[in-house]
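1. any chance you could fold what I've pasted below:
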Amino acid sequence: MAVKTNLDLSKIRNIGIMAHIDAGKTTTTERILFYTGKIYKIGEVHEGTATMDWMIQEQERGITITAAAISCEWDGNTINIIDTPGHVDFTVEVERSLRVLDGAIAVFDGVSGVEPQSETVWRQANKYHVPRLAFINKLDRVGANFHESVSSIRTKLNANPVPFQLPIGIEDSFEGVVDILTMTTWIWPQNPKDQKENYSHGEIPSDLVEEAKVARENLIATLADLDDDLADKYLNGEEPSLEILKSVARKGTIAGKIVPVFCGSAFKNKGIQPLLNAIIDFLPAPIDFDVVHGLSADDKEKPLERQRTVDESFSAIAFKIMSDPFVENLTFIRVYSGILKAGQMVQNTRVGKKERVGRILRMMANQREDLQEVHAGDICAIAGLKLSATGDTLCDVAHQIRYESVVFPEPVISVAIEPKSQADSGKLLDTLKRLEREDPSFRVQFNAETGQTLICGMGELHLDIIVDRLKREFKVNANIGTPQVSYREAITEKNSVKFLLDREAAGERQYAGVTLSVEPSADQTAMSFTSIIKESRFPKDFIQVIKQGVEESMHSGPLAGYGLLGIKVTLLAVDFDDQISDAVAFKIAAAQAFNKGVREASPILMEPVMALEVLVPDDYLSGVINDLNSRHAKIQNISQKNQLQCIHAFVPLAGMFGYSTQVRSASQGRATYTMSFDHYEPAPKQVLDKMFGRD
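-> Alright, predicted model coming up:
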């Protein structure tokens, strides 16, 4: 049965739930689904029954691994939700989800406040200008502190958090919240008979009246700074209406000027209903944004735009590819304009080819419902596309546009993999290619020198999950090597080089000359390429070809064949002959010039360095520090955090394999840590010596 499509764009919210691991994202999502009537029994993460953690690997580990999408209804509005992972190894799932979402709920642990991965996902949301609400969760836990959590958002995230609620009680006495806008309360009983209607409204407790008045005064003063009309009323002593306050707060949230803060305990079913109201009141609908900007599919420098309405031609971004046992691949898309119908032909502007849409599906975690069409503002999955990858633009064949894609981090760890039997051999590479298409942070490489196939990812857990899926989901058995660090190479000097290609090949003469300069760049994320060619007769298309030749050469450095990073390339001059020079010759010449330039620019090996945070009791601090020193860690500072010592350090990834076991042993199981990639820096000489077997 087809689901009826809602054409009122003002009643759609596309949101994500994001946070540090164990802050309660999936538990919060589960309660949202329950109170909106999407599910009729609450599942729990720790029991492996949460709706959004449908993968067996998620259920066993009690963590979210893949971003799951689901839709629900609240007060006549459709809420499309994506529950994202909190573990740093799966941060790519957050990245590609935030690229297409209109708003987000940042969930914080009421005891810990802002944690390392909270900072990472917050920066990702900043990158895509995603409006946010904050939900301070777990206020029923020992050590919870609402005001410190709010303060940590302000100081650590450089945000402007504005409490719209105050907690009533804390830890085991937490029972409800004060709604600062209406100056009323929401109270939840400890053991409600009816979980659906498990709250009551009342007056503010006498011991909180003054604090609530101050909080409301601060809230109105903050909002008055955002709106001149409200400022006039405020300065004249007039009491603004609830509608005006909500309207100004909504505009301020969408503009990213404030972050409304709410609170509760998702596990104890407290705080969810007012959070749902806040999603509708303060987070944007698709029509709250201006046009969506893109580029012409033919001329990459010509800007185009689309109105976010159903009257425009169809355009969408593919933000996730998922292997599916029934239809091979599902492509998750966010529709920005127009209408897409089942059976329609669409253009993939990255590959320049058309594909036919098979089924259109509304995803409910791992369940699905068929749709006949979807429209601007919607999120859905489509079957039948074989060419699409994450970040691709899909659009109307007659009205093509290309949107900005998503840039993903490079893998930092690799392991060798080989089939256990001849029967597994054929399936292994095909399956790895499917997983590589599904996960942009996962890479498959073949080492020509050793004959090994390498799988590369963001961390040990990331690769563990890949291998587990190979065995269980795809029935492929494989032997796995020990983890290896994915090094990079860079240059330390500026160098200019000329290469002239002048030869006979297959009976035809090839002629092309390229002069390049290569120099170190402070930006480690990508290669930059510029051209200063003024020769009007030189075809512009050839400059793009030269750039392609350089980009392809970046994949293998001169020292050990690792990818290059942090290089600025400038095209200084070209030699060409109108009659015989062609694109192929210039691509070869560019690659040769670049390789020669890099070899002569004092190349060095770069190793990945991780940002590490360790929480440890005082009694075990010295032992943990001594162990980190032995791993060549650079300790930045040590601070107090919730009766624990918090060590912040940078440490080479090469020294951190097996650290989880060691830190548990050194602290009798009481220390915890989080680690994420931070930057590359020159590797010590002994690393290169060991790599090549030098004494």
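
2. now do stretch 625-640: distance to the chain's middle.
-> Remark: stretch 625-640 is offset 28 Å from the chain centroid, using C-alpha atoms, centre = their mean, to the nearest Å.

3. which residues touch it?
-> Under the contact criterion C-beta atoms under 8 Å, 6 or more residues apart in numbering, stretch 625-640 has outside partners 612, 614, 621, 645-652, 655-656, 659, 662-663, 666. (C-beta placed from N, C-alpha, C; glycine too.)

4. show the average pLDDT along the helix or strand hosting Leu500.
-> Secondary structure here is read from DSSP states H and E; on that basis Leu500 sits in strand 495-505. Regarding strand 495-505, the rounded mean pLDDT is 90.

5. which residues touch that strand?
-> The contact list for strand 495-505 (C-beta under 8 Å, 6+ apart) reads 509-519, 572-573, 575, 585, 588-589, 592-593, 596-598, 600-601.

6. and those residues, which of them are buried?
-> Among the contacts of strand 495-505, those classed as buried by neighbour count (16 or more other C-beta atoms under 10 Å) are 510-519, 575, 585, 588-589, 592-593, 596-598, 601.

7. thinking again about what came up before, which ones among the contacts of strand 495-505 map onto helices?
-> Under the assignment DSSP state H, the contacts of strand 495-505 contribute 585, 588-589, 592-593, 596-598 to helices.

8. and the strand holding Leu500, how far out from the chain's middle?
-> The chain centre lies 42 Å from the centre of strand 495-505; the measure is C-alpha atoms, centre = their mean.

9. buried ones in it, by neighbour count?
-> Residues 495-499, 501 are the ones in strand 495-505 that count as buried (16+ other C-beta under 10 Å).

10. pick the one among these closest to Gly176.
-> Distances from Gly176 to the buried residues of strand 495-505, taken as C-beta to C-beta, are shortest for Asn495 (67.4 Å).

11. what's the closest non-adjacent residue to that closest one?
-> With sequence-adjacent residues excluded and distances taken as C-beta to C-beta, 6 or more residues apart in numbering, Asn495 is closest to Ala601, at 4.0 Å.

12. Ile15 versus Arg368, what's the distance?
-> Using C-beta to C-beta, to the nearest Å, we find Arg368 at a distance of 20 Å from Ile15.

13. what of Lys568?
-> 39 Å.

14. the two: which is more packed in?
-> Set side by side, Lys568 and Ile15 show more neighbours around Ile15, with 23 against 17, by other C-beta atoms under 10 Å.

15. who's in contact with that one?
-> Contacts of Ile15 were listed using C-beta under 8 Å, 6+ apart, and they are 79-82, 101-105, 279, 283.

16. ok now the one helix or strand it maps to, how far from the chain's centre?
-> Ile15 is located in strand 12-19, with elements delineated by DSSP H and E. Using C-alpha atoms, centre = their mean, the mean C-alpha position of strand 12-19 is found 13 Å from that of the whole chain.

17. CA atoms of it as PDB?
-> What follows is strand 12-19 as a C-alpha-only set of coordinates in PDB (Å, rounded to 0.1, in the frame of the first residue of the first chain):
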ATOM      1  CA  ILE A  12       8.100  18.700   7.200                       C
ATOM      2  CA  ARG A  13      11.100  18.500   9.400                       C
ATOM      3  CA  ASN A  14      14.300  16.800   8.300                       C
ATOM      4  CA  ILE A  15      16.400  16.300  11.400                       C
ATOM      5  CA  GLY A  16      19.300  14.300  12.700                       C
ATOM      6  CA  ILE A  17      20.200  13.100  16.200                       C
ATOM      7  CA  MET A  18      23.900  13.500  16.900                       C
ATOM      8  CA  ALA A  19      26.100  13.200  20.000                       C
END
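
18. and Gln124, how many neighbours?
-> The number of residues packed near Gln124 is 21, by other C-beta under 10 Å.

19. correction: the previous question concerned Asp577.
-> 13.

20. did I read that right, it in a helix?
-> No. For Asp577, which was evaluated using DSSP: H, G, I helix; E, B strand; the rest coil, the result is coil, with no helix membership.

21. got a list of what it touches?
-> Under the criterion of C-beta under 8 Å, 6+ apart, the contact partners of Asp577 comprise Tyr511.

22. mind pulling up the pLDDT for it?
-> Value for Asp577, per-residue pLDDT: 87.

23. what of the one 5 residues further on?
-> Each residue has a pLDDT score; the one for Asp582 is 88.

24. next one: the one 4 residues further on
-> Reported pLDDT at Phe586 in the predicted model: 92.

25. tell me how far the closest residue to it other than its chain neighbours lies from Glu504.
-> What sits nearest to Phe586 in space, not counting adjacent residues and going by C-beta to C-beta, 6+ apart, is Ala512, at 4.4 Å. In this structure, Ala512 lies at 14 Å from Glu504, with C-beta to C-beta as the measure.
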